[in-house]
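A.B. asks: Kindly return the folded structure for what I paste below:
(chains A, B, C and D)
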There are 2 protein chains.
Amino acid sequence: MRWRELDREACSVARTVAVIGDRWTLLVLRDCFLGVRRFEEFQARLGITRHVLADRLRKLVKAGVLRKVAYERRPLRHEYRLTDKGLDLYPVLMAIVHFGDVHLAGRRGRPLLHRHKACGKLFDPVTVCSECGEPLHARAVHVHPGPGARRGECIEGGADGWTG
Amino acid sequence: MRWRELDREACSVARTVAVIGDRWTLLVLRDCFLGVRRFEEFQARLGITRHVLADRLRKLVKAGVLRKVAYERRPLRHEYRLTDKGLDLYPVLMAIVHFGDVHLAGRRGRPLLHRHKACGKLFDPVTVCSECGEPLHARAVHVHPGPGARRGECIEGGADGWTG
DNA sequence: ATCATACGTTCTTTTTTGGAACGTGCAACG
DNA sequence: CGTTGCACGTTCCAAAAAAGAACGTATGAT
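C.D. replies: Numbering: from 1, shown residues only, chains lettered A, B, ... in the order given. Coordinates of the predicted model:
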């Protein structure tokens, strides 16, 4: 399987990975959620090659995650902003941040704190079941083919044996 | 910034991306959560090069996400299983799946359905605030430096301007 | 004129990946 | 005993992607 075939897999992980599954793309998105919008600022903060940055921004625009907005004419200048679709990646980024906070923070503690404006408190993101509201654990979920499944892809037999 | 410098950044996204921020690694983890454990099965399902698969499994073991377990002696054979740390990546994978389900599913619908054993219902993962339990939206979160922050990294000034 | 700014592109070198074959240890078959 | 098959990799070479630095372009400020 190559990059260009990934988005044709009948698997939501594969299709999403085709969009964001790249170290630079994820870091670009992190910066987007922190308010970065301009080419030069991404480049300076990330230390990414200009060539690769141009490529990743182009791909994110094509995927509908970012949009290019002119903020000045004469000379014409653009900036990159998250679309609504892009904002929907927030849970992915928060889940990544939380894993890092819990498992990879140095002894000084986590680098960034998050405050929920609605309740005013510092918080951690928690992934819960949409139906009962209880926190989700891998072992408490059973998975089976949906309408978009294709035979022999993504899930094959009983796929419950990961426990242990 | 190169791969090998990523994990030294004072940023939970960068550190997590240093572990999982790679297309193949994410697909390997997907398969782990679907019950795949053996080299040959990863290779057959993913179509990944054996060389790259060996490399990714080695890195995941080194990162403490997977562990190598002997399931047979004479000949000695190993399989790869998620550790507790690895199981903590479940919210990341579920967030990725959900984004794919919502934004990238074909017209036939989502490829996979998830049932919560605790309540018995088909569900979607929802990311909520640990303090008030309300669903999180990017615009409702304010971010500021924590104890592990380093000057000039990850967040610089007011970082609330991503809206719009 | 010269410099600075913002947003890229071009060029060359280094690193990573794809693809196929080979190596190892052992068991089962004929 | 020789052969086949399996599980788990490693090795080798060609192709693709990334790093690093310089160049291009349009404009406005000094």
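A.B. asks: got the CA coordinates for stretch A:143-150 in PDB?
C.D. replies: The C-alpha coordinates for stretch A:143-150 follow below in PDB (Å, rounded to 0.1, in the frame of the first residue of the first chain):
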ATOM      1  CA  VAL A 143     -16.400  -3.800  16.700                       C
ATOM      2  CA  HIS A 144     -18.200  -5.100  13.700                       C
ATOM      3  CA  PRO A 145     -18.600  -4.400   9.900                       C
ATOM      4  CA  GLY A 146     -20.700  -1.400   8.900                       C
ATOM      5  CA  PRO A 147     -22.500  -0.600   5.700                       C
ATOM      6  CA  GLY A 148     -19.300   0.800   4.100                       C
ATOM      7  CA  ALA A 149     -17.200  -2.400   4.900                       C
ATOM      8  CA  ARG A 150     -15.500  -4.400   2.100                       C
END
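A.B. asks: And the helices in chain A?
C.D. replies: Counting by DSSP state H, chain A has these helices, from start to end: A:3-6, A:12-20, A:23-33, A:39-46, A:50-62, A:84-87, A:90-103.
A.B. asks: and the fourth one, does that touch DNA strand D?
C.D. replies: No. For helix A:39-46 and DNA strand D, the contact criterion (CB under 7 Å from any atom of the strand) is not met; the two come no nearer than 9.3 Å. Where you see a C-beta, it was placed from the backbone N, CA and C, and this is true even at glycine.
A.B. asks: Give the buried residues for that helix.
C.D. replies: A:39, A:42, A:45, A:46 (16 or more other CB atoms under 10 Å in any protein chain shown).
A.B. asks: Get me the contact residues on chain A for DNA strand D.
C.D. replies: A:3, A:22, A:24, A:47-52, A:55, A:74-76.
A.B. asks: hmm, which two among those residues are most spread apart?
C.D. replies: Using CB to CB, the residues of chain A next to DNA strand D reach their maximum pairwise distance at A:3 and A:74, which is 38.5 Å.
A.B. asks: Pick out whichever of these two has more residues nearby.
C.D. replies: Between residue A:3 and residue A:74, residue A:3 has the larger neighbour count (other CB atoms under 10 Å in any protein chain shown), namely 11 against 5.
A.B. asks: Can you give me the domain boundaries for chain A?
C.D. replies: Structural domains annotated on chain A: A:1-83, A:89-140, as defined by automatic domain parsing.
A.B. asks: Would you single out the least confident of those?
C.D. replies: For these, mean pLDDT drops lowest on domain A:1-83, to a mean of 93.
A.B. asks: So which residues on chain A come close to DNA strand C?
C.D. replies: A:1-3, A:38-41, A:50-51, A:54, A:57, A:68, A:75, A:77-79.
A.B. asks: nearest to residue A:114, of the residues you listed?
C.D. replies: For those, the closest approach to residue A:114 (CB to CB) belongs to residue A:41, at 21.7 Å.
A.B. asks: just to revisit the earlier point, put together a markdown table for the helices of chain A, with distance to residue A:139 on each row.
C.D. replies: Compiled in a markdown table, these are given as follows (distance: least, CB to CB, whole Å):
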| stretch | distance to residue A:139 |
| --- | --- |
| helix A:3-6 | 28 |
| helix A:12-20 | 19 |
| helix A:23-33 | 27 |
| helix A:39-46 | 37 |
| helix A:50-62 | 34 |
| helix A:84-87 | 31 |
| helix A:90-103 | 17 |
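A.B. asks: Could you single out the most deeply buried of these?
C.D. replies: helix A:12-20 (a mean of 25; mean count of other CB atoms under 10 Å in any protein chain shown).
A.B. asks: other SSEs contacting that helix?
C.D. replies: Packing contacts for helix A:12-20, counted by 3 or more CB pairs under 8 Å, 6 or more residues apart in numbering or on different chains; DSSP states H and E, involve helix A:3-6, helix A:23-33, helix B:23-33, helix B:90-103.
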